[in-house]
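[1] Structure for this input, please:
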Amino acid sequence: MSKTVRLDQVAYGRSGDKGDDSNVGIWARTPAGYEVLERELTPARVKAHFAGIMTGEVTRYELPRLRALNFILGHSLAGGGSGSVRTDAQGKAHARGLLFMEIEVPDDFEV
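    Presented below is the predicted three-dimensional model:
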């Protein structure tokens, strides 16, 4: 059995810009949380979550010793900080946006 929680109950996040791409780092609060992140935060799922703002691919990097995943959201900044008229042209809010994603955790998972 499982239950649904928001990602921010399991992890922290930080993000920023890399030209026209944004960089989103998510790290688990616990080792058990990292196992959940590995399973739930697939590139396809992250891309679907940001479908309204990105046109490129999502690349995922795993950092197990840090209990973290790093995502590059391709073509998510409409040209980047100096080339975009978007409110958040530097991707600073992208981590917070991802932390709103709902994920499945085991029933006995402590949040």
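[2] contacts, neighbours, all on C-alpha from now
    Fine.
[3] lowest-confidence helix or strand of this structure?
    Among the helices and strands of the chain, strand 11-18 carries the lowest confidence by mean pLDDT, DSSP states H and E, at a mean of 89.
[4] chain center to that one: distance?
    8 Å (Cα atoms, centre = their mean, to the nearest Å).
[5] The following helix or strand past it: partners in the sheet, and parallel or antiparallel?
    Per DSSP states H and E, the first helix or strand lying C-terminal to strand 11-18 is strand 21-28. Paired with strand 21-28 in the same sheet, following DSSP bridges, are strand 11-18 (antiparallel), strand 68-73 (antiparallel).
[6] How far off centre is the shortest one?
    Taking Cα atoms, centre = their mean, the mean C-alpha location of strand 68-73 is offset from the chain mean by 6 Å.
[7] how about low-confidence regions in the protein?
    Counting by pLDDT under 70, the chain has low-confidence residues at 78-91.
[8] Which helix in it has the most residues?
    The single longest helix within the chain, with elements called by DSSP state H, is helix 31-40.
[9] and the direction of that one versus that of strand 21-28, what angle?
    140 degrees (axes from the mean of the first three to the mean of the last three Cα atoms, to 10 degrees).
[10] and the next helix or strand after helix 31-40, what does it pack onto?
    For helix 31-40, the succeeding helix or strand toward the C-terminus, using DSSP H and E, is helix 43-49. Contacts defined by 3 or more Cα pairs under 8 Å, 6 or more residues apart in numbering; DSSP states H and E place helix 43-49 against strand 58-63.
[11] 10 Å instead, please
    strand 58-63, strand 68-73, helix 94-99 (3 or more Cα pairs under 10 Å, 6 or more residues apart in numbering; DSSP states H and E).
[12] What are the buried residues along it?
    By neighbour count on 16 or more other Cα atoms under 10 Å, the buried set for helix 43-49 is 43, 46-47.
[13] Output that helix in CSV with nothing but the alpha carbons.
    C-alpha atoms of helix 43-49 as CSV (Å, rounded to 0.1, in the frame of the first residue of the first chain):
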residue,chain,number,x,y,z
PRO,A,43,12.9,12.4,-16.5
ALA,A,44,9.5,11.7,-18.3
ARG,A,45,7.5,12.6,-15.1
VAL,A,46,9.5,15.8,-14.6
LYS,A,47,9.0,16.7,-18.2
ALA,A,48,5.3,16.2,-17.9
HIS,A,49,5.2,18.3,-14.8
